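In: Quick check, what structure comes out for this input:
(2 chains)
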2 protein chains.
Amino acid sequence: MLRSVLAALLSTSLAAAPLSAQSTYDSVDPFIGTGGEGHTFPGAVAPFGMVQVSPDTDTTCQVRDCYGHAAGYRYDDSTIQGFSQTHFSGSGHSDLGDFLMMPVAGDTVPLDPGSAAKPDTGYRSRFSHDTEVARPGYYAVTLADSGVRAELTAGTRVGVHRYTFPAGKAAHVVLDLRSSLYDYSGKILWSSVRVRADGTITGMRETRGWAPARKLFFAIRASAPLTGHAFHNREEKIAYKGFQGPGRGRTDVAQLQGQALVAALDFGHLTRPLELKVAISGVDEDGALANLDSEVGGFDAVAAVSRTAWQQALDRVDLDAPAPMKRKVATALYHAMIAPGVFSDVDGRYRGPDDQVHKADGFTFHSTFSLWDTFRAEHPLLLLVQPEQRNRDFVKSLLASQQESPFGILPVWQFHGRETWTMIGYHAVPVIADAYLKGVRGFDTDAALAAMVKSATYGPYGGLDEYMKRGFVPIDKEPEAASKTVEYAYDDWTIARMARALGKTDIAATFDKRAANWRNSFDAKTGFLRARKSNGAFRTPFDPTAINYGSDYTEGNAWQYSWFVPQDQAAMFALLGGDKAAVAKLDAMFNYDNSKLDYSHAEDIAGLIGQYIHGNEPSHHVAYLYSYAGQPWRTQERLAQIVASQYKAAPDGLSGNDDLGQMSAWLVFTALGFYPVAPGSNQYVIGRPFVNRAALTLPNGKRFTMVADDLTDANRYVGRVTLNGRPLDRTFLRHEELMRGGELRFAMQATPNKAWGAAPSARPYSMSTAAAK
Amino acid sequence: MLRSVLAALLSTSLAAAPLSAQSTYDSVDPFIGTGGEGHTFPGAVAPFGMVQVSPDTDTTCQVRDCYGHAAGYRYDDSTIQGFSQTHFSGSGHSDLGDFLMMPVAGDTVPLDPGSAAKPDTGYRSRFSHDTEVARPGYYAVTLADSGVRAELTAGTRVGVHRYTFPAGKAAHVVLDLRSSLYDYSGKILWSSVRVRADGTITGMRETRGWAPARKLFFAIRASAPLTGHAFHNREEKIAYKGFQGPGRGRTDVAQLQGQALVAALDFGHLTRPLELKVAISGVDEDGALANLDSEVGGFDAVAAVSRTAWQQALDRVDLDAPAPMKRKVATALYHAMIAPGVFSDVDGRYRGPDDQVHKADGFTFHSTFSLWDTFRAEHPLLLLVQPEQRNRDFVKSLLASQQESPFGILPVWQFHGRETWTMIGYHAVPVIADAYLKGVRGFDTDAALAAMVKSATYGPYGGLDEYMKRGFVPIDKEPEAASKTVEYAYDDWTIARMARALGKTDIAATFDKRAANWRNSFDAKTGFLRARKSNGAFRTPFDPTAINYGSDYTEGNAWQYSWFVPQDQAAMFALLGGDKAAVAKLDAMFNYDNSKLDYSHAEDIAGLIGQYIHGNEPSHHVAYLYSYAGQPWRTQERLAQIVASQYKAAPDGLSGNDDLGQMSAWLVFTALGFYPVAPGSNQYVIGRPFVNRAALTLPNGKRFTMVADDLTDANRYVGRVTLNGRPLDRTFLRHEELMRGGELRFAMQATPNKAWGAAPSARPYSMSTAAAK
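Out: Numbers count the residues shown, from 1 in each chain, chains lettered A, B, ... in the order given. This is a model prediction of the structure:
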């Protein structure tokens, strides 16, 4: 025991010797993705933190126009409305933006934000990007209108704001409980705010947003005494007002509750910067107060802890690459370590999917599972770069959520413990299976398998009853039936994989059979995976380029979805007519002429290369599929094309929503030279590297290094691959190989090595050919 | 220790020998007060129970027209909408009516109640009073439209419904989460309902009613298996619908949440009556589930427990009186034992005034404190007829509420742990003081006194800052200033009384001084207590008969409020010009000719005898004031007049809202022959009895008996009073005398004994003359 700990420590200390002068931490640029439709935020968050303190440039949109402000901040905007405590990183839908605070200097305190067009009409302020600083766990900006320097930092459960007011001006902070991301009338179900005897401000808000009836509590403690306060209820039409509490007509009341509250907090003339420590809790105000005390000290102390935490997390991937690429990959790694975030309080309590309070026993409850996105590369990446404990917490959080779900199934798209039912599939299943198959332990595997089976057999969910009856989801009974059928089949395969590993051969057989259900959606005539009706006929008319909500497909069309058979690409290629036909079809996809198409109605469709759509997840594994046809050099070409066109070291540097780290995780894996096409297979398909060298400190403490010799823009092909000095002829890497530590070395060259990886035996796992290997 | 227990047991067993064949329990008629504006309910409740299961005849009113249905049931109505789980007993404002259930027989299940005019349009049913049975803890009715026999019973935290369906008809139950007392658009903030794996139905509702954002959870378990269910969301305009969960378009989903839910529960064809056990919790669903298990067995078992509990509670006052009077007094005693009700869960948890969950440590948290009403006679009565434990629980609940209040003050009008800020004063103060002075112990008296002082000195509440500055509440700063001034002064006196008893002479002196503040409101010119402006002048114009909201007075006028100096009636009489002038003024009040007045706009004004208004509390002590002028025989006359005109053994038997037992407690005391005019004085003013004999089993186990010899309608005067056989010349009884046990004997006669009680030394306590005694 001691020896292995010692070995781990030694490995870690080895990892601490950086490959280059600038650490991964130093290379992160949190502004990447804050323009375009990346939907990331530039503010402060700790690794997997509960709070995400960040500027909101506008929250006054109405629901249909809010898409661009999903993370509160848009790089294009010229005003800041305030700093709220919670944000998604890269979500395609949104919510949060809780407990917006804004410093106000001077004699009058505006109670409304004012508009971006007329910032002087409210507490909103102009700002210049020149004054902004952002690094992991830290953000700063100067508010031009008031002259206040605002700095933000964050611990796991605490955000700290530091506002430096211009000399001679009275300091105030507006706390606007109305402000919210994806704002609309009726969203705020209830809110309250109170000043406690010691000056701590506590309260709560319950919103009907993306998550229905989500409750969040807060506690705010300031570094200077409160010299005054005013609580206002700005609700206009109140059906029934009830009786008035203390302070009839006064605003300096100890507490106020209602649906449209805004508080003005006064601190008088300060000689030092004002620090406001803010904690949240999904449980209650006591939870928020305890969380507040969980981080010791003020701004600088919390910032230092946050900095160390980020350095430790990010420097597990030590990178050597030219500056722009290093910045992109480092930032991608950063974005991959924001969610799933901690959601249990410091005492273990959390509010679960049943809206009831539970206690996490022996684990930390994490939430914000964007599973349709993150099962692909985000979770596989975290299995490599985060401690087993973190990944075990994910699994335990998913299992606890299943236990607490009124439906008895695993989360679909969960945040703050609440299910949103967004997207399709039961992709908590591959996350758990992949974690188990890659060695994560310490959870009840029987209960896990039972939860997975339950989620895969819950009839009322997403046409599963029909799917189980017919082997496909019929489009006349359930929308997006083609996508559902193929995703269910993949998820089923991961159940079979885990069941077999656990010796549950009956379950394995059942789900192996279901894993072939994608075949029921394959239309040999068109070569596309399509939606069938209950009578078995494919739905017509059929347009493989059509993208519509409620169509045969989910956020995509036949072109993207027809490649979703990660568990058996070989069989899929065979149905297409063999390798040549498959490659031709892949090329047809990438080369498609979109000039006659208009996808402006579809929010999530961005980053198009023909019909390959990198801005959304269904395409993410597709470039790697050439390797399944024995043509890895074509994968290498496509990856160069994608990386060059879809990622920039600039605010609009993400071609689509980051989706809680999935877009970023794709880049991290791809940059390292391999990608988890089929989580559950314990294989990574080798692509081509985009960094010169990377050293990973693995969860077991071992170090795995990849080196790309002669990497230049021109040398875009892989000439040779060695693993620990020995030639690697196959186009995949086994997870066990990686975990043993060692060195993966690519020799890059300007011309393709068409022989490498061409043999059928060199190809990655496919269910139907697996027995042969 | 053992000896005293033995003595208590002996006393109790003595008490068990009834004075008459029909017990007090048997004499209760829960229909009294369900007509007129009594606002009582006929349904089932355990003594001080958490649930009050009762029929609602109509909840479809809008807020301004709901007054008559404050308790859900009106005797005049001819249809029943359903049976909800929570009700106030006699409140002047309303809320509750939570979780309405209605049995439906046959093939179709209506989802809306339909109107009283057209009951066939919904699940509502006609009914006849002939089919109704009501006794403490039990109610039954036959629903004419469906033929279902519905029975209700209640344990402390559980209600049980038993529905006997007509043979051959399928059994269903509608659970309507929209239904509420004082109904209006926007009241339901959120609700949810789910079927658990074992068939238990759980859920919650959050309402913006009399109490803002009140959360209540429920758990329902049926005696027969659920054969099907449909959960509907009937909300019409939803700003943002979010994503759909399992069962798109289906209603047999495991859970549903929203703002307008109604559930249809199916039980198929039953051969036995269907029993539904329902528990509630202010904390969470687990709380409701635990409460559900806190009562053992089914309907009959719970009904038996409830019956025993009521027999034990009611038979502590053994009554001998002619049938109508016995029925009235027994029912009054029953109505006095419904609130303040238990509100902590079986595990001690409850939701407090800060909307946070707390745990009652060593006590049972009670809520529903209608303190402006109940400090007068309801709490004093419970100090005589309930165990010390119950009264201690009241005190501890008030103190816990003060600790948890965001304002740091004692409850004003609280229910379900939530403050409503209804009415005026800080009358938790006299409740605690009276309890302490009458010997209730086992709570932190220093903390109690501190809480009382804090409540009396909290500036923002009800003009207290001005009151403390000026010695009166100025009407130009605060409405109802005259009433507030005199009630504060009384409350202050009780603080002084308790402080002195605790040896805190400083506090006693401060509040003794404040107790004289009523003088600042006395207008010598008119002889009325009036509202002053900040400049010291009385507000004009002045009409002593005017009754308006926001006037100088609270739910009354100068006539009623000018007698509110219970702590110093002697001084007040002196200011009026002496006994003769005081009696003349009292007579002027009772004899006032109202023919030119119209009070139809004032909901709470009922039960008028001239300007004496028995239907509301400010008048309640007034008839006893003749004794303070040495003319107890005039009190005796007035009491006869009041009892005859204001209480009937009929549904419209209460002349005003029962106000959570205050109207009833007045009758119980008055019937026994004495009344607590000034709680805090430890005196009861002797009036005249209305029952032949009553034996009280006191909290200390001793027995106190009152006997009225020769009591007839004609013999309405007290000729002589003896206490334990010795003549009692004074017109008051000391609490200690009562608690020692013994016999109070009245000799009734047809002519007044004007000599009895005429001497100044015979008069009850007044602050200014107390030193002389």
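In: Got the confidence number for A:S185?
Out: At A:S185, the model reports a pLDDT of 87.
In: Next, count neighbours for it.
Out: The number of residues packed near A:S185 is 9, by other CB atoms under 10 Å in any protein chain shown. C-beta coordinates here come from the backbone N, C-alpha and C atoms, glycine included.
In: Excluding covalently adjacent residues, which one is nearest to it?
Out: B:A239 (5.4 Å; CB to CB, 6 or more residues apart in numbering or on different chains).
In: what's near enough to touch the one you found?
Out: Contacts here follow CB atoms under 8 Å, 6 or more residues apart in numbering or on different chains; on that basis B:A239 touches A:63, A:184-187, A:208.
In: Tell me the buried residues within those residues.
Out: Using 16 or more other CB atoms under 10 Å in any protein chain shown as the burial test, those include A:184, A:187, A:208 as buried.
In: Out of those residues, flag the one nearest to chain B.
Out: Of all the buried ones among the contacts of B:A239, chain B sits closest to A:Y184, with 5.0 Å by CB to the nearest CB.
In: pretty sure the closest one belongs to a strand, no?
Out: No. Using DSSP: H, G, I helix; E, B strand; the rest coil, the assignment for A:Y184 is coil, not a strand.
In: Verify the contact between A:F375 and A:A433 for me.
Out: No. In this structure, A:F375 is not within contact of A:A433 by CB atoms under 8 Å, at 9.5 Å.
In: Quick one: neighbours of A:N557, just the number.
Out: 26.
In: Just give the closest residue to it, not the sequence neighbours.
Out: Nearest one to A:N557, counting by CB to CB, 6+ apart, is A:I547 at 5.1 Å.
In: Report how many residues lie close to A:E295.
Out: Count around A:E295 with other CB under 10 Å applied: 23.
In: So, low pLDDT: which residues of chain A?
Out: For chain A, residues meeting the criterion pLDDT under 70 lie at A:1-20, A:63-64, A:771-773.
In: list the helices and strands the longest helix along it packs on?
Out: Once chain A is assigned using DSSP state H, the helix that runs over the most residues is helix A:481-501. Applying 3 or more CB pairs under 8 Å, 6 or more residues apart in numbering or on different chains; DSSP states H and E, we find helix A:481-501 packed against helix A:428-437, helix A:445-456, helix A:464-470, helix A:505-515, strand A:528-529, helix A:558-561.
In: Pull out the buried residues from the third one.
Out: The reference is to helix A:464-470. A:464-468, A:470.
In: near chain B at all, it?
Out: No. Using CB under 8 Å from any CB of the partner chain, helix A:464-470 stays clear of chain B, coming no nearer than 8.5 Å.
In: quick one: contacts of that helix?
Out: Counting by CB under 8 Å, 6+ apart, A:456-459, A:472-474, A:477-478, A:484-485, A:488, A:517, A:520, A:534 sit against helix A:464-470.
In: Could you identify the buried members of these?
Out: Here the buried ones among those, as counted with 16+ other CB under 10 Å, turn out to be A:456-458, A:472-474, A:477-478, A:484-485, A:488, A:517, A:520.
In: Was I right to think A:V305 contacts A:E295?
Out: Yes. Using CB under 8 Å, A:V305 is in contact with A:E295, at 6.9 Å.
In: From chain B, how far off is A:V28?
Out: 33 Å (CB to the nearest CB, to the nearest Å).
In: Helices of the stretch 251-400 of chain A, start to end?
Out: Using DSSP state H, counting those that start in this stretch, the helices of the stretch 251-400 of chain A run over A:285-292, A:299-314, A:323-335, A:371-374, A:378-385, A:388-404.
In: will you turn the ones you listed into CSV that also has distance to B:H620?
Out: Putting the helices of the stretch 251-400 of chain A into CSV (distance: least, CB to CB, whole Å) gives the following:
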stretch, distance to B:H620
helix A:285-292, 40
helix A:299-314, 60
helix A:323-335, 70
helix A:371-374, 65
helix A:378-385, 70
helix A:388-404, 52
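In: Now mean neighbour count and distance to chain B too, for the ones you listed, in JSON lines please.
Out: Output for the helices of the stretch 251-400 of chain A, formatted as JSON lines (neighbours: other CB atoms under 10 Å in any protein chain shown; distance: least, CB to the nearest CB, whole Å):
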{"stretch": "helix A:285-292", "mean neighbour count": "23", "distance to chain B": "6"}
{"stretch": "helix A:299-314", "mean neighbour count": "19", "distance to chain B": "26"}
{"stretch": "helix A:323-335", "mean neighbour count": "24", "distance to chain B": "24"}
{"stretch": "helix A:371-374", "mean neighbour count": "26", "distance to chain B": "12"}
{"stretch": "helix A:378-385", "mean neighbour count": "26", "distance to chain B": "21"}
{"stretch": "helix A:388-404", "mean neighbour count": "22", "distance to chain B": "11"}
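In: nearest to A:Q356, of these?
Out: helix A:388-404 (7.0 Å; CB to CB).
In: Run through the neighbouring helices and strands of the next helix or strand after the closest one.
Out: For helix A:388-404, the following helix or strand on the C-terminal side (DSSP states H and E) is strand A:413-415. On a contact count with 3+ CB pairs under 8 Å, 6+ apart, strand A:413-415 meets strand A:369-370.
In: For chain B, what is the nearest residue in the stretch 501-650 of chain A?
Out: Taking CB to the nearest CB, the stretch 501-650 of chain A has A:G550 as its residue nearest chain B, at 10.9 Å.
In: What is the burial count for that residue?
Out: 9.
In: Secondary structure class of it, three-state.
Out: Quick answer, by three-state DSSP: A:G550 is coil.
In: can you pull the contacts of it?
Out: A:479-480.
In: follow-up on the earlier one: check the burial of the residue nearest to A:N557 by counting its neighbours.
Out: Neighbours of A:I547 (other CB under 10 Å): 23.
In: name the element it belongs to?
Out: Using DSSP H and E, A:I547 sits in no helix or strand.
In: if we can go back for a sec, which of the helices and strands packed on helix A:481-501 has the highest mean neighbour count?
Out: helix A:428-437 (a mean of 27; mean count of other CB atoms under 10 Å in any protein chain shown).
In: I would like the residues contacting it, please.
Out: Residues from elsewhere that reach helix A:428-437, judged by CB under 8 Å, 6+ apart: A:369, A:371, A:374-375, A:379-380, A:383, A:391-392, A:394-395, A:398-399, A:402, A:410-412, A:445, A:448, A:451-452, A:455-456, A:490-491, A:494-495, A:497-498, A:501, A:676, A:679-680, A:682, A:735.
In: if you set the cut-off to 6 Å instead, what comes out?
Out: Contacting residues not belonging to helix A:428-437 are listed as A:371, A:375, A:379, A:391, A:395, A:398, A:410-411, A:448, A:452, A:491, A:494-495, A:497-498, A:679-680, A:682 [CB atoms under 6 Å, 6 or more residues apart in numbering or on different chains].
In: Ok, stretch A:439-451 next?
Out: A:388, A:391-392, A:395-396, A:399, A:402, A:410, A:432, A:502.
In: close to chain B, is stretch A:209-227?
Out: Yes. Looking at stretch A:209-227 against chain B by CB under 6 Å from any CB of the partner chain, the contacts come from A:212-213.
In: That stretch: how far from the chain's middle?
Out: Distance, stretch centre to chain centre, for stretch A:209-227: 24 Å (CA atoms, centre = their mean, to the nearest Å).
In: List the buried residues for that stretch?
Out: A:209-224, A:226.
In: Against A:G247, how distant is the residue in the stretch 151-300 of chain A positioned nearest to chain B?
Out: Minimum separation of the stretch 151-300 of chain A from chain B (CB to the nearest CB) falls at A:Q255, amounting to 3.5 Å. Note on A:Q255: its distance to A:G247, by CB to CB, to the nearest Å, is 10 Å.
In: try A:A105
Out: 27 Å.
In: and what of A:F394?
Out: Taken as CB to CB, the span from A:F394 to A:G247 is 47 Å.
In: do the same with A:K525
Out: Distance from A:K525 to A:G247, by CB to CB: 75 Å.
In: Who has more neighbours out of these two?
Out: Neighbours were counted for A:K525 and for A:G247 using other CB under 10 Å; A:G247 has more, 20 against 9.
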